[in-house]
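Asker: Predicted model and sequence follow; I will ask about them next.
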Amino acid sequence: MKNIELLRFITAGSVDDGKSTLIGRLLHDSKSIFEDQLSAIENTTKKRGLSGVDLSLLTDGLQAEREQGITIDVAYRYFATPKRKFIIADTPGHEQYTRNMVTGASTANLAIILIDARRGVLTQTRRHAYLANLVGIPHLVVAVNKMDLVGYSRETFESIVKEFEGFASGLDIKSIIPIPISALAGDNVVERGQNMPWYKGETLMGVLENIEIDHDINLEDFRFPVQWICRPQTGEWHDFRGYMGRIESGSIRVGDEITVLPSGKTSKIREIATYDGPLLEAMAPQSVTLRLEDELDISRGDMIVKSDNLPKLSKEFDAMLCWLSEEPLEMGKRYLIKHATKTAKILLNRIDYQVNVNTLEKEEGLDSLAMNDIAKIGFRVQQPLASDSYRHNRSTGSFIVIDEVTNNTVAAGMMI
């Protein structure tokens, strides 16, 4: 059976741009709604005195959200077509939920930035584009929604796209795909519709199904954070010693020379073991057990890499940090860093500047961060970390910060 590729994407936009309706339309028109779900939504729509079907009810999962008419948390939805499987994160539009969007966007291959055709590019639009760029989302779809409310005007669409692309020229986004849509009427979402014959590009579903995402995984740099040491010490397995984990990037072959970090000890790959039997070669994102030619002292949190392709090994780093906690950052307080499979003590000792995510201006001279703040910081780790820049390798360039006392996750960071 063919392994169907998975695409993770987020929707983002300002309040009432139609994110929930858009996702409802995608699910409805791709036949991904159960009959009882559709019946319940139709009944709820009638109770509210509305005509048709309010598709936003599919994704506004919390009763409080429905009553307020806004989405306040990240709502994940799953669906599939014959070409691909999808995970959607419907992220909040409000500025105070920046942390939710950063969380939802951190693993996405693509972001859909919704723009209300009547209102054009707003502060929130620029903020979401910046955040998508910050977390390294390679593909951006600019969906100009509610085209039905501006008479399906080509001039309005092109004017909005021109303004957005002018702003985005200062960001590092691989591809920007503009699409005029009406989530309410369904134009250019799954089906093309009859109202915008001047638009010759793909529908939104066409983009989601066909955009190439293979190259979004770093296949060059072999990085294998060790999760578990396997030593059965029973029967025929008495002498077995393997290192279990997931290949976060790159590939490895039997016979390749490797280096273990942070110790710097070297060896060669003797065997690549899986539940389905041994392999000659494995690549990201496979989970495997590696056996080496030599017996080395390796622990959870160590990283196995190819000897001719080493990451940065250091105790001091610069990073972009998104503060997630209601408790503000305390300079000089010791926190824990969780990087790949390694946990160590960390000292956040410098704030270079905070970014205003609405204007992109940089504010200097700060000694603390509040919830949803994003800043460039410097930190020191008790034990050296093997890492890459986030732009180069998401897996080894990202980390979370944990409060040592409460064990709560207080920040998410991206290595520079």
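Answerer: Great, that's in hand.

Asker: mind listing the strands for the stretch 301-416 of the chain?
Answerer: Assigned by DSSP state E, counting those that start in this stretch, the strands in the stretch 301-416 of the chain fall at 303-306, 312-323, 334-339, 342-355, 362-363, 374-387, 398-403, 409-415.

Asker: okay, the second one in CSV with CA atoms only?
Answerer: By that I understand strand 312-323. Extracted in CSV, the C-alpha atoms of strand 312-323 (Å, rounded to 0.1, in the frame of the first residue of the first chain):
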residue,chain,number,x,y,z
LYS,A,312,28.0,23.7,16.4
LEU,A,313,29.1,22.5,19.8
SER,A,314,28.9,25.2,22.5
LYS,A,315,27.7,26.3,25.9
GLU,A,316,26.8,29.8,24.7
PHE,A,317,24.1,30.7,22.1
ASP,A,318,22.0,33.5,20.6
ALA,A,319,18.3,32.7,19.9
MET,A,320,14.9,34.2,19.1
LEU,A,321,12.7,33.4,22.1
CYS,A,322,8.9,33.5,22.4
TRP,A,323,7.9,33.8,26.0
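
Asker: Please identify the helix or strand for the residue lying closest to residue 137 once chain neighbours are set aside.
Answerer: Spatial nearest neighbour of residue 137, excluding adjacent residues (C-beta to C-beta, 6 or more residues apart in numbering): residue 111 at 4.7 Å. Placement of C-beta: from N, CA and C, glycine included. Using DSSP states H and E, residue 111 falls within strand 110-116.

Asker: Direction included, what does that strand pair up with?
Answerer: Strand 110-116 pairs in its sheet with strand 5-12 (parallel), strand 139-145 (parallel), by DSSP bridges.

Asker: need the next SSE after it, C-terminal direction.
Answerer: For strand 110-116, the following helix or strand on the C-terminal side (DSSP H and E) is helix 123-134.

Asker: can you give me the angle that following helix makes with strand 5-12?
Answerer: Helix 123-134 and strand 5-12 are oriented at 150 degrees to each other (axes from the mean of the first three to the mean of the last three C-alpha atoms, to 10 degrees).

Asker: How much space separates the residue lying closest to residue 29 once chain neighbours are set aside from residue 208?
Answerer: The shortest distance from residue 29 to any non-neighbouring residue, by C-beta to C-beta, 6+ apart, is to residue 190 (3.6 Å). Separation of residue 190 from residue 208 (C-beta to C-beta, to the nearest Å): 10 Å.

Asker: same thing with residue 402?
Answerer: 35 Å.

Asker: more neighbours, those two?
Answerer: Taking neighbours as other C-beta atoms under 10 Å, residue 402 and residue 208 compare with residue 208 leading, 24 against 18.

Asker: Could I get the average pLDDT for the helix or strand where the more buried one lies?
Answerer: Counting by DSSP H and E, the element that carries residue 208 is helix 204-210. In this model, helix 204-210 has a mean pLDDT of 96.

Asker: Then stretch 78-91?
Answerer: 85.

Asker: With just CA atoms, put it into CSV.
Answerer: The C-alpha coordinates for stretch 78-91 follow below in CSV (Å, rounded to 0.1, in the frame of the first residue of the first chain):
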residue,chain,number,x,y,z
TYR,A,78,-7.5,16.0,10.4
PHE,A,79,-8.7,15.0,6.9
ALA,A,80,-7.4,13.2,3.8
THR,A,81,-7.9,13.1,0.0
PRO,A,82,-6.6,10.4,-2.3
LYS,A,83,-3.4,12.5,-2.8
ARG,A,84,-2.5,13.5,0.7
LYS,A,85,-3.3,13.5,4.4
PHE,A,86,-3.6,16.8,6.2
ILE,A,87,-3.4,18.2,9.7
ILE,A,88,-4.8,21.7,10.1
ALA,A,89,-4.1,24.1,12.9
ASP,A,90,-6.7,26.9,13.1
THR,A,91,-4.7,29.5,15.1
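
Asker: Residue 198 versus residue 108, what's the distance?
Answerer: Distance of residue 108 to residue 198, computed by C-beta to C-beta: 30 Å.

Asker: domains for this protein, by residue range?
Answerer: Domain ranges of the chain: 5-216, 223-306, 312-415, per automatic domain parsing.

Asker: mind checking how far the longest one is from the chain centre?
Answerer: What it means is domain 5-216. Remark: domain 5-216 is offset 16 Å from the chain centroid, using C-alpha atoms, centre = their mean, to the nearest Å.

Asker: same thing with the last one?
Answerer: For domain 312-415, the distance from its own C-alpha centre to the chain's C-alpha centre is 17 Å (C-alpha atoms, centre = their mean).

Asker: Between its first and last residues, how far does it reach?
Answerer: With C-alpha to C-alpha, to the nearest Å applied, domain 312-415 spans 11 Å between its terminal residues.

Asker: per-residue confidence averaged over that domain?
Answerer: 92.

Asker: thinking again about what came up before, which of the strands paired with strand 110-116 sits most buried?
Answerer: strand 139-145 (a mean of 24; mean count of other C-beta atoms under 10 Å).
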